[in-house]
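# my questions concern the predicted model and sequence given below.
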Amino acid sequence: MRIRLCSLSQTRAMLLEKAGIDFIQESVDFDEESIVANSPKNFVYQATLGKYAANLKVFGCEEYPLLVADTVVTSQGHILRKARCKDDARNILYTQSGNITSIITCMIYHSKNQKIIDISKTDYLFEPFNTEDLEHYLESGEWRGKAGACMVEGFCKPYIKEVRGYESTAMGLCVEVLETFMEKN
C-alpha cells in the first residue's frame, strides 16, 4: 500500500524507505510560528494538527492514506525550535550539552478506514559536546531545518550516554508505531 508523506523531510522519507513502506512525498505549508503552547507535547500536537488540517484539505485521504508528523526538542525546560542562524544553533546545542534532551514526535496517520494520532518521546542523556566538534558541525550546516539543531544519527551520536525510546522517534517519525497501525494488503 502506498501512503502520502506530508513532509518534505529527507530523514522521514529515509525512515519510510528503510521500513519498506511505499510512499509519495508532497506537502503544503503550515505556519508554526502562530502556535502558543504551554508544553512541548502541546506544541508538537498543535503543530501536527495544523499540518494535518492543511494537507487533508488539499489532498484528502481517499487516494492515499495521509501521514503527517512534527517533532519538537526540549531540554532544561525549553522548547528548542529550528535554529534561525549559526549562533542560534550554537546556543540551542549548548543547552543540550551534558543534559537530558527529549525529542517528541507527533504523527497522524489517516486512511479511509482509520485515523491514529500518536505522540512518542525519546530521551537522550548527552555527554558534554566537544567545542571543536560542535563548531565543525555548525560549519557543515547539517543542523539547518532540524528541530533543536539536533542530529542523533549524526553529530550527537558519539555523545549519547543513555537512550530511552526509539531512535526513529528522535529522527522525526516513530516507524515502529506506524507499522502496527498501517493496513496490510
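Happy to help now that I have it.
# helix, strand or coil for the nearest residue to E162 once chain neighbours are set aside?
Using CB to CB, 6 or more residues apart in numbering and skipping residues adjacent in sequence, the residue nearest E162 is L125, 4.1 Å away. C-betas here are computed from N, CA, C, even on glycine. Taken by DSSP: H, G, I helix; E, B strand; the rest coil, the conformation at L125 corresponds to strand.
# same for the lengthiest helix in the chain, what does it pack against?
Counting residues, the longest helix found in the chain (DSSP state H) is helix 40-59. Secondary-structure packing of helix 40-59 (3 or more CB pairs under 8 Å, 6 or more residues apart in numbering; DSSP states H and E): strand 66-75, strand 100-110, strand 115-126.
# quick one, which of those is nearest to N38?
Nearest of the helices and strands packed on helix 40-59 to N38, taken as CB to CB: strand 66-75 at 12.4 Å.
# what about that closest one, average pLDDT?
Across strand 66-75, the average pLDDT comes to 95.
# quick check: next helix or strand after it?
strand 78-80 (DSSP states H and E).
# quick one: strands adjacent to that next one?
Looking at strand 78-80 with DSSP bridges, its partner strands are strand 66-75 (antiparallel).
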